[in-house]
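**Student:** Quick one, what's the 3D model for this:
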Amino acid sequence: MNPQVELNLALILFVPWFSILSWLYWAYPRQPRPPARSLFDAGALLLATLAAGWGMHWSMYNADPSAGAIWKQVLATSVAYGLFLGLMTAAFLLRLRLLRGWRASATAG
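**Tutor:** As a prediction, the model looks like this:
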């Protein structure tokens with residue numbers, strides 16, 4: 001297998017799933033959508049993707065080589081997926097709190 005593909009295989013395999021989760025995060029809830037929310041959402045998605053890529057590479061370089069070649073891919077996939085979901089969950093919960101503030105400021109002004 002091409003070494004570059006092997007190094008990025010976990011991320012390549014998860015691109016469709018990450019894309020679906022990213023679209024759902026971006027699209028819902030539909031309102032309110034002030035410019036600050038779009039900026040927050042874009043930053044959260046970028047951070048989650050970068051963290052997943054970093055975690056995948058870290059796992060590939062730190063997996064125990066005596067466990068077998070497949071273990072690197074299993075560990076890389078697990079770490080990348082966990083980081084992506086963890087950061088998206090944190091961003092979602094933080095966004096809920098921020099949306100309450102944006103709704104309150106929109107009704108007051």
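**Student:** need the contact list for residue 60.
**Tutor:** 7, 72, 75, 76 (C-beta atoms under 8 Å, 6 or more residues apart in numbering). All C-beta atoms are positioned from the backbone trio N, CA, C, and that covers glycine.
**Student:** and the second one, what does it touch?
**Tutor:** So that's residue 72. So residue 72 contacts 59, 60, 63, 65 (C-beta under 8 Å, 6+ apart).
**Student:** returning to that earlier point: any idea which of the contacts of residue 60 is closest to residue 13?
**Tutor:** Nearest to residue 13, judged by C-beta to C-beta, of these is residue 76 at 9.9 Å.
**Student:** which SSE is that closest one in?
**Tutor:** Per DSSP states H and E, residue 76 falls inside helix 69-108.
**Student:** that older thread, distance to residue 40 and pLDDT added to the contacts of residue 60, as JSON lines?
**Tutor:** Shown next, in JSON lines, are these (distance: C-beta to C-beta, whole Å; pLDDT from 0 to 100):
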{"residue": "7", "distance to residue 40": "31", "pLDDT": "72"}
{"residue": "72", "distance to residue 40": "34", "pLDDT": "84"}
{"residue": "75", "distance to residue 40": "31", "pLDDT": "89"}
{"residue": "76", "distance to residue 40": "28", "pLDDT": "88"}
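**Student:** looking at the residues you listed, which has the most residues close by?
**Tutor:** residue 76 (27 neighbours; other C-beta atoms under 10 Å).
**Student:** Surely residue 55 touches residue 86?
**Tutor:** No. With contact defined as C-beta atoms under 8 Å, residue 55 does not reach residue 86; the gap is 9.8 Å.
**Student:** When the two are compared, which one has more neighbours?
**Tutor:** More neighbours surround residue 55 than the other of residue 55 and residue 86, with 23 against 14 (other C-beta under 10 Å).
**Student:** Report the mean confidence score over the helix or strand hosting that one.
**Tutor:** Assigned by DSSP H and E, residue 55 belongs to helix 35-62. Averaged across helix 35-62, pLDDT comes to 92.
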